[in-house]
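**Student:** following is a predicted model, sequence given first.
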Amino acid sequence: MAEPEYLFFLGCLIPYRVTSYEVSARKVLAKLNVRLTEMPDFNCCGFPMAPVSYDLALSLAARDLCLAEQKKLNILTLCNGCFGTLNEVNKALKEDKDLREKINGHLKQVGMEFKGTITIKHLVHALTEDIGLEKVKEFVKNPLTELRVAQHTGCHLVRPTRHVDHGDDPENPRLLKELIQLTGAECLDYIDEAECCGNTIIGVNEDVPFQIAKEKLEHIKDVGAQALVTVCPSCHMMYDFNQPRIERAFNVNFSMPVLHYTQLLGLAMGFPPEELNLDELRVKPAALLSLIQKENKKSP
Amino acid sequence: MSETEKEALNVVNIAKLDPKFRYEIEKMPGAEKISLCYQCGTCTADCAIARFSDFYKPRRIARMVQLGLKDRLLTNNALWLCSTCFTCIDHCPQDVEVSSIVRALRNLSTRENKEMPFVFKAFASNILKTSYVYVMPESRLRGREAQGLPPLPKPNLEHVAKIFDVTGFSSILEDAKTFEKVKARARD
């Protein structure tokens, strides 16, 4: 099989604040022989503008889609929000002729036209569909068999179901669990796995997302998870960056490390922690790392 | 007395309802099936937010649209509490997309009231300035180089500005008023 190649859509939040996800993803994907082409002069995927103007959101997304069509490459994104938006708009413009004509009318102003020739993949889909679980597993050199983690798939990777054709179950997410299991780590079930992180409304209200996130952190701690694993920079911000604020707001202590999946996989592939920017996490994963190092010493 | 109870006592004046409101809403993308809502309540039962707010209950919002309670809908800031988890879309037995209807209501409120939460005005202004929702700090941009990451591409701000113009959002943005935080009223 030819090496998978994608146009890498970075989005806004990752370069703004979540470098650890980009660094670890690039390392891991390069090792898996995935070719990434940088996205030229892209703009925000449009997701943050949908609440105030869906027309604007559609047009911003459509411009990004046109850039990918010009490059003749499918898009790969690390962000659930970018995936959800670009995927939904791509499908809507392919299927709805009236909408396509309207948006193409807008795009004419910038000399572009949506044709509907590419598809959008999230990191999780690239790993499970294009590379394959078995192939990824071949790269695991240090199985993380001592680790027990919980997963948070996030909403926009799986919902609305009618827009996402990747076979995952939003009520009982499977793909990220399988990806975690191939690293050797155990992936624990917990009560509100499908619950939203709440980060999308943090700009208008903090109480509600803090409460929702606190409940999830409690539940994963209760089942004995040593870390939470995410695949979205926004969900990650909620559980990692905001964790100390949540702890203060409710006078609780979680000290729950939140790893990007690419960091977990990177550790299992044998990358040293410093190459995966684990020190960049707000909740320090020191205990977790010493567990892994002990494990490595045991293996021949 | 809870906000819901207070509002229930606030008798609806039939003459002030907008019977055509639902037809205005159902023209907006994703809101086409509003008339099919039969108030089963699945959306509210499964909503991540509903338990925190007396106003933000998806079933109630769908009914208010059907009844044409336009003013009450477009002036209540709790409309901005939907976290777009899309659970209501997935679970609705009638394929009514309440989350998309809420989006339509927010869009309408932005356009007609010329008002939006501050964060969206900031995001929109940033996109016009940088093509991203954030203004990337210089230190971050330099940090990319130091970490061996490729530089961010030079944005095409002319394209972005034209898209804002042609969608009519530039003029809304220019003199839009803003509000800071939205309160979720706990149940009494």
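**Tutor:** Arrived safely. Residues are numbered from 1 along each chain as shown, chains lettered A, B, ... in the order given.
**Student:** model confidence for the nearest residue to A:Pro285 once chain neighbours are set aside, exactly?
**Tutor:** Take A:Pro285 and drop its neighbours on the chain: the residue closest to it by C-beta to C-beta, 6 or more residues apart in numbering or on different chains is A:Pro257, 3.7 Å away. No exception for glycine: its C-beta is placed from N, CA and C like everyone else's. Here the pLDDT value assigned to A:Pro257 is 98.
**Student:** contacts only, for A:Pro257.
**Tutor:** By C-beta atoms under 8 Å, 6 or more residues apart in numbering or on different chains, the residues touching A:Pro257 are A:Gln226, A:Ala227, A:Leu228, A:Asp240, A:Leu281, A:Val283, A:Lys284, A:Pro285, A:Leu288.
**Student:** with B:Phe118 instead?
**Tutor:** A:Gly203, B:Thr178, B:Phe179, B:Glu180.
**Student:** ChimeraX command to pick out the buried ones of the residues you listed?
**Tutor:** In ChimeraX, a selection of the buried entries from the contacts of B:Phe118 looks like this (16 or more other C-beta atoms under 10 Å in any protein chain shown):
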select /A:203
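**Student:** of the contacts of B:Phe118, closest to B:Ser171?
**Tutor:** For the contacts of B:Phe118, the minimum distance to B:Ser171 (C-beta to C-beta) is 16.0 Å, reached by B:Thr178.
**Student:** partners of the strand or helix carrying the closest one in the sheet?
**Tutor:** Taking DSSP states H and E as the criterion, B:Thr178 maps to strand B:177-179. Paired with strand B:177-179 in the same sheet, following DSSP bridges, are strand B:115-117 (parallel).
**Student:** list the contacts of the lengthiest helix in chain B.
**Tutor:** For chain B, the helix that runs over the most residues, judged by DSSP state H, is helix B:98-113. Helix B:98-113 is contacted by residues A:50-55, B:24-25, B:28-31, B:34, B:37, B:43, B:58-59, B:61-62, B:65, B:73-75, B:79-80, B:82, B:84-86, B:88-89, B:92, B:115-116, B:120, B:172, B:176-177 when judged by C-beta under 8 Å, 6+ apart.
**Student:** how about the contacts of B:Phe118 in CSV, adding distance to A:Pro244 and pLDDT?
**Tutor:** Shown next, in CSV, are the contacts of B:Phe118 (distance: C-beta to C-beta, whole Å; pLDDT from 0 to 100):
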residue, distance to A:Pro244, pLDDT
A:Gly203, 19, 96
B:Thr178, 28, 96
B:Phe179, 28, 93
B:Glu180, 23, 89
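**Student:** got any ranges where the stretch 1-150 of chain A has weak pLDDT?
**Tutor:** A:1 (pLDDT under 70).
**Student:** residues in contact with A:Leu58?
**Tutor:** Applying C-beta under 8 Å, 6+ apart to A:Leu58 gives the contacts A:Gly46, A:Val89, A:Ala92, A:Leu93, A:Leu99, A:Ile103, B:Pro29.
**Student:** okay, and which of the residues you listed map to strands?
**Tutor:** Judged by DSSP state E, strands contain none of the contacts of A:Leu58.
**Student:** ok, of those, which one's closest to B:Lys129?
**Tutor:** Out of those, the member with the shortest distance to B:Lys129 (by C-beta to C-beta) is A:Gly46, at 16.4 Å.
**Student:** wait, that closest one sits on A:Asn87?
**Tutor:** No: if you go by C-beta atoms under 8 Å, A:Gly46 and A:Asn87 don't touch, sitting 11.9 Å apart.
**Student:** report the contact partners of whichever residue of chain B sits closest to chain A.
**Tutor:** Closest approach between chain B and chain A, counting by C-beta to the nearest C-beta: B:Val119, at 3.2 Å. By C-beta under 8 Å, 6+ apart, the contact set of B:Val119 is A:Gly203, A:Val204.
**Student:** right, I'll call it a day here.
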